[in-house]
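[1] quick check, what structure comes out for this input:
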Amino acid sequence: MRSDENNVNTNLIMDAIRLLILITKFEYRKSFKLSIDKVMLYDFIMKFPTTLEDDNGKENKEVDFREYYSYYHWKPNQGEYIKTLNYLISKNLVSRKIEDGKFYYLATNEGKGFIASLNSNHKKRLDRIATYIKSNISKLTDKKVEDKILEKINIVNRFKGDRYD
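    Model (predicted):
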C-alpha cells in the first residue's frame, strides 16, 4: 500500500513539474490564453515529443513502446490535469484567472523562480520542448494541434513499408 501511495505522489510531482515548465513559457496576452484544453494538448507533446518534426522538417520515427501504446489512449483525463493544476495553485506556483467566462493559467513569480532553480538534463530537455511548443505549436489552432496528434495515432500506416508491418 505504501509503495502505491509513493508512486502516486511521485507521478503527481513529475506531472506538476512538467506542466509548470510548460506554463512558465507563456505570458498573459489578450489574444492567447493557456486554457485547460491547451494545457492538455501541449502536454501530450511534452510527454511524447516525437509528435514534433526534427530541425529539417522531417517526422521523427523513433517511438518507444510506452509512446506507441499512448497513441491509442491519447485523450487526456481532464480530472487528473485539474488535480495537478490545483496542486500547483495550492503551492502558489501557478495562478488561475478567468476572462470571458473561461479559466486560463499563468505561472507566478514563485513558479518561474522554482523552474529557474532546477538544473537537470531532464528539465533542460523539457524546457527545449516547451520553447518549441510556444514558438511553433501555440500558433496553431487547437483543432490543428489535435489533428497533428490524430495523424500520429494512425501509427500503423505511418510505418507502412518499414519493418513494423
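
[2] close enough to count as contact, Glu110 and Ser90?
    No - contact criterion CB atoms under 8 Å: Glu110 and Ser90 do not qualify, at 12.0 Å. Quick note: C-beta positions are derived from backbone N, CA and C, even for glycine.

[3] give me the more crowded residue out of these two.
    The residue with more neighbours, out of Glu110 and Ser90, is Glu110; 13 against 9, by other CB atoms under 10 Å.

[4] for the closest residue to the more buried one other than its chain neighbours, helix, strand, or coil?
    Leaving aside its chain neighbours, Glu110 sits nearest to Asn92 (5.2 Å; criterion: CB to CB, 6 or more residues apart in numbering). Judged by DSSP: H, G, I helix; E, B strand; the rest coil, the three-state class of Asn92 is coil.

[5] which neighbours do Glu110 and Ser90 share?
    Common neighbours of Glu110 and Ser90, using CB atoms under 8 Å, 6 or more residues apart in numbering, do not exist here.

[6] need the contact list for the residue nearest to Glu110.
    By CB under 8 Å, 6+ apart, Asn92 lies in contact with 108, 110-111.

[7] in this structure, where is pLDDT below threshold?
    The chain contains residues with pLDDT under 70 at 1-8, 50-75, 153-165.

[8] identify the residues contacting the most centrally placed residue in it.
    Centre of the chain computed as the mean C-alpha position; nearest residue by CA atoms, centre = their mean is Asp43, 1.2 Å away. Contact analysis of Asp43 by CB under 8 Å, 6+ apart lists 18-19, 22, 76, 81.

[9] for Asp127, give me its contacts.
    Neighbouring residues of Asp127 by CB under 8 Å, 6+ apart: 21, 115.

[10] and it, how far is that from Ile115?
    For Asp127, the distance to Ile115 equals 8 Å [CB to CB, to the nearest Å].
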